[in-house]
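>>> predicted model follows, preceded by the sequence.
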Amino acid sequence: MLDGIFIVTEGDKPTTYRASDIFQVAAGQPHTEEIGPQDASILVGRKY
């Protein structure tokens, strides 16, 4: 997370991330992503 608020929900558990937080989602894991009320800037890396 670079800036703003980003919410990742896995199953029924939403987790809120803010600037400087790091998060990961396992490959193939169903999830949703939501941007906070004032946008968000994130840096994404994928490992295949």
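Yep, it's here.

>>> give the pairing partners of the worst-scoring helix or strand of the chain on mean pLDDT; include direction for each.
Lowest on mean pLDDT, DSSP states H and E among the helices and strands of the chain sits strand 32-41, with a mean of 93. Applying DSSP bridges, strand 32-41 is found paired with strand 3-10 (antiparallel).

>>> how much space separates Thr9 from Gly28?
Computed as Cβ to Cβ, to the nearest Å, the Thr9 to Gly28 distance reads 16 Å. The way it works is simple: take the backbone N, C-alpha and C, and place the C-beta from them, glycine included.

>>> more crowded one of these two?
Per other Cβ atoms under 10 Å, whichever of Thr9 and Gly28 has more neighbours is Thr9, with 13 against 5.

>>> could you pull up the residues touching that one?
Contact partners of Thr9, counting by Cβ atoms under 8 Å, 6 or more residues apart in numbering, are Thr15, His31, Thr32, Glu33, Glu34.

>>> kindly state the beta-bridge partners for the spatially most central residue of the chain.
Residue closest to the mean C-alpha point of the chain, counted by Cα atoms, centre = their mean, is Val8 at 4.5 Å. Taking DSSP bridges as the rule, Val8 bridges to Thr15, Glu33.

>>> how many neighbours does the closest residue to Gly36 other than its chain neighbours have?
Spatial nearest neighbour of Gly36, excluding adjacent residues (Cβ to Cβ, 6 or more residues apart in numbering): Ile5 at 2.7 Å. Burial measure for Ile5: 17 neighbouring residues, criterion other Cβ under 10 Å.
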